[in-house]
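> Sequence first, predicted model second:
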Amino acid sequence: MNILDLIEKKKNNLALTEEEFKYFIENFNKGLIPDYQASALLMAIRINGCNDEETYFLTKSMLDTCKIIKPKANNKLKILIDKHSSGGVGDKITLIISPILASLGYDMMKLSGRGLNFTGGTIDKLESINVSMVFDENNYQSFLDEHHFTIYLQSDNFANIDKKLYHLRDVTGSVDSLPLIASSILCKKFCFETEYVFLDIKVGTGAFCKNMQTAQELARIMQYLAKKFNRKLICFITSMNSPLGKNIGNAIEIKEAVEFLKGEFNSKYLKNLIYEIISEILIETKQVNNKDDAYKLINQSIFSNDAYTRFTNFVKANNGLYQLLDKNEYWKYKYSLVIKSKDKGYINFKSTEKLGYISLKLGAGRIKKEDSIDYGAGIILNVENNDFVNVGDNIATLYSNSPINPDLEKEFYDNLEFLEESSEANIPKINTIIR
């Protein structure tokens with residue numbers, strides 16, 4: 001067996017066997033298959049797809065290279081959960097709901113990745129405040145017992161195979177493949193044996209799933225895999241036709257997350273989605289019977305300052321810049337560009353993906369896997385979809401530590417449309433739940 005045979009086979013749209021996936025994953029993980037051949041196979045999978053059985057074989061082969069960890073839930077509810085997003089623009093939901101859920105009595109343990117293509121990564125955002133959690137088998141349980149949530153970086157000694165494949169997909173155009181997305185996410189999720197996995201599948205112009213049909217197919221694949229591995233998975237399909245909040249970047253998104261945890265809700269849509277997701281988790285795990293009771297618990301967590309205190313302690317415990325959180329002093333930039341409205345009407349961003357790419361061009365993301373990130377770069381929106389603006393109103397400000405290409409102003413403005421009537425079509429919300 002050799003890698004060229006596998007590439008040829010998949011190029012011709014033939015199914016790979018369990019032994020063939022095992023060969024590929026084991027040898028690529030050991031460095032015996034070069035990046036260019038691995039990239040060719042990933043692209044063949046991207047073009048021709050995988051059937052359900054192949055996707056299971058791929059995921060199983062990846063998990064077989066990983067150590068499976070069995071943490072214990074010692075918070076007051078004794079419920080251990082994981083939450084993951086399939087990727088979006090401005091997605092700081094994990095940063096916000098983790099301390100809130102810890103405050104509500106859950107333990108939450110997860111692996112997160114770096115930025116992928118036009119979407120930001122939770123790990124990059126945390127590293128903007130000097131937080132980097134590398135999994136350590138000797139102290140993960142004590143950290144979980146004290147703080148009740150963890151957000152670990154995929155490291156060379158844990159889920160390394162997904163990290164390597166993730167980087168290759170990012171820079172070779174094979175990001176938007178449902179089998180590769182499913183295997184990547186569930187490799188990370190199933191490394192930890194949690195009681196529940198809550199998966200937020202994004203759909204819309206700012207997501208890899210551009211329509212409901214694709215999102216539902218990804219959810220179906222995920223549910224198939226969860227059953228094969230005997231795991232409890234709940235999928236939320238949520239709208240990504242608008243950024244999640246008003247801040248897009250790394251340190252900029254930490255800023256919005258911190259403000260949210262302090263009860264400063266700058267984005268009504270972000271607030272609504274956060275409350276909806278946490279409510280569904282509370283209901284699914286039988287802690288409340290309805291959303292009204294859930295909202296009361298969430299408000300108590302936030303306005304008692306408990307959630308923010310937990311986030312601050314989490315940052316401090318990881319040698320992060322906790323002392324700078326209150327004053328936003330961790331966010332530094334040299335250049336800014338204000339974009340003003342030349343029109344009036346109800347604003348709508350034509351493509352959320354385009355906003356992600358503009359943020360990437362400002363320095364907030366990676367084009368090549370070895371690229372460094374400008375943690376201060378990004379976008380702060382003054383308005384959201386469906387807000388009314390007049391001529392001269394500030395729409396957004398672009399930030400960077402490098403001179404900003406003036407062409408980005410036109411690129412940003414060309415992505416806007418001004419409607420005569422308001423529309424609820426492009427508001428972030430849960431569209432459906434698949435159990």
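Ah, there it is. Small disclaimer: the values here were computed from a predicted structure and weren't measured.
> quick one: the strands in the stretch 201-350 of the chain?
233-239, 247-249, 335-340, 345-349 (DSSP state E, counting those that start in this stretch).
> So which of these is nearest Asn382?
Closest of these to Asn382 is strand 335-340, at 8.9 Å (criterion: Cβ to Cβ). C-beta coordinates here come from the backbone N, C-alpha and C atoms, glycine included.
> What strands flank the closest one, and is each parallel or antiparallel?
Next to strand 335-340 in the sheet, as set by DSSP bridges, lie strand 394-400 (antiparallel).
> contact partners of the helix or strand following the partner strand?
Note on strand 394-400: by DSSP states H and E, the next helix or strand toward the C-terminus is helix 407-414. Helix 407-414 has contacts (Cβ atoms under 8 Å, 6 or more residues apart in numbering) with Leu337, Ile339, Lys342, Lys354, Leu355, Ile358, Lys361, Leu362, Ala396, Leu398.
> quick one: helix 407-414 to strand 335-340, angle?
Interaxial angle of helix 407-414 relative to strand 335-340 (axes from the mean of the first three to the mean of the last three Cα atoms, to 10 degrees): 30 degrees.
> Name the spans of the protein whose pLDDT lies under the cut-off.
Scanning the chain for pLDDT under 70 picks out the ranges 116-117, 156-157, 369.
> Break it into its domains for me.
Here the domain parsing of the chain from automatic domain parsing is 3-49, 80-326, 335-419.
> Selecting buried members of the contacts of helix 407-414 in ChimeraX, what would you type?
Selecting only the buried entries of the contacts of helix 407-414 in ChimeraX, with 16 or more other Cβ atoms under 10 Å as the criterion:
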select :337,339,354,355,358,361,362,396,398
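> follow-up on the earlier one: deepest-packed of the strands of the stretch 201-350 of the chain, please.
Among those, the stretch with the highest mean neighbour count (mean count of other Cβ atoms under 10 Å) is strand 247-249, at a mean of 31.
> helices or strands next to that one in the packing?
Helices and strands touching strand 247-249, by 3 or more Cβ pairs under 8 Å, 6 or more residues apart in numbering; DSSP states H and E, are helix 251-261, helix 352-359, strand 378-381.
> Sheet-wise, list the partners of the helix or strand just after the last one with their directions.
Toward the C-terminus, strand 378-381 is succeeded by strand 388-389 as the next helix or strand (DSSP H and E). Strands that pair with strand 388-389, judged by DSSP bridges, come out as strand 345-349 (antiparallel).
> which residues are in contact with the strand it pairs with?
By Cβ under 8 Å, 6+ apart, the list of residues contacting strand 345-349 reads 205, 242-243, 341, 355, 383-389, 395, 415-423, 426.
> Narrow those to those that are buried.
The buried subset of the contacts of strand 345-349 (16+ other Cβ under 10 Å) comprises 205, 242-243, 341, 355, 383-386, 389, 395, 415-416, 426.
> Now for those: which two are most distant?
Thr205 and Ser341 (20.7 Å).
> re earlier: now distance to Met62 too, for the domains of the chain, in CSV please.
Formatted as CSV, those follow (distance: least, Cβ to Cβ, whole Å):
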stretch, distance to Met62
domain 3-49, 6
domain 80-326, 4
domain 335-419, 19
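> Just say which of these is most tucked in.
Per residue and on average, the most neighbours among these fall to domain 80-326, with a mean of 21 (mean count of other Cβ under 10 Å).
> what about stretch 310-323, distance to the chain center?
How far stretch 310-323 lies from its chain's middle: 21 Å, per Cα atoms, centre = their mean, to the nearest Å.
> picking that back up, the domains of the chain: which one's closest to Asn431?
Of the domains of the chain, nearest to Asn431 by Cβ to Cβ is domain 80-326, at 4.8 Å.
> Show the end-to-end separation of the closest one, please.
One end of domain 80-326 to the other measures 30 Å (Cα to Cα, to the nearest Å).
> that older thread, between the domains of the chain, which one is nearest to Asp64?
domain 3-49 (7.2 Å).
> Can you dump the C-alpha atoms of stretch 111-126 in CSV for me?
Output of stretch 111-126 as CSV, limited to C-alpha atoms (Å, rounded to 0.1, in the frame of the first residue of the first chain):
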residue,chain,number,x,y,z
LEU,A,111,-10.3,21.5,22.5
SER,A,112,-10.3,24.5,20.2
GLY,A,113,-8.4,25.4,17.1
ARG,A,114,-6.9,28.4,15.4
GLY,A,115,-8.3,30.5,12.7
LEU,A,116,-9.4,28.7,9.6
ASN,A,117,-9.7,30.6,6.3
PHE,A,118,-12.0,33.6,6.8
THR,A,119,-13.2,32.5,10.2
GLY,A,120,-11.4,33.3,13.5
GLY,A,121,-10.2,30.7,16.0
THR,A,122,-10.9,30.7,19.7
ILE,A,123,-7.3,29.9,20.5
ASP,A,124,-6.0,32.9,18.5
LYS,A,125,-8.4,35.1,20.5
LEU,A,126,-7.2,33.8,23.8
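> Quickly note the distance from Gln92 to Ser372.
For the record, residue 92 is Lys, not Gln. Separation of Lys92 from Ser372 (Cβ to Cβ, to the nearest Å) stands at 21 Å.
> I misspoke; the intended subject was Ile185.
Per Cβ to Cβ, Ile185 is found 26 Å from Ser372.
> ok, back up a step: as TSV, the strands of the stretch 201-350 of the chain with distance to Leu101 would be great.
What follows is the strands of the stretch 201-350 of the chain, written out as TSV (distance: least, Cβ to Cβ, whole Å):
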stretch	distance to Leu101
strand 233-239	14
strand 247-249	22
strand 335-340	35
strand 345-349	30
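> quick one, which of those strands is nearest to Phe158?
Phe158 lies closest, by Cβ to Cβ, to one member of those: strand 233-239, at 21.2 Å.
> That closest one pairs with which strands, and in what direction?
strand 196-203 (parallel), strand 430-434 (antiparallel).
> Can you point out the buried residues in the last one?
Spelled out, it's strand 430-434. For strand 430-434, using 16+ other Cβ under 10 Å, the buried residues are Ile430, Ile433, Ile434.
> quick check, nearest of those to Ser132?
Ile430 (31.2 Å).
> OK, contacts around the closest one?
Contacts for Ile430 (Cβ under 8 Å, 6+ apart) come out as Phe236, Ile237, Thr238, Leu273, Glu276, Ile277, Glu280.
> And Arg114, by the same measure?
Gly121, Ile123, Asp124, Tyr166, Arg366.
> for those residues, which one is nearest Asn250?
The closest of the contacts of Arg114, once distances to Asn250 are taken by Cβ to Cβ, is Asp124, at 5.2 Å.
> quick one: contacts for Asn394?
Residues near Asn394 by Cβ under 8 Å, 6+ apart: Val338, Ile339, Lys340, Ser341, Asn382.
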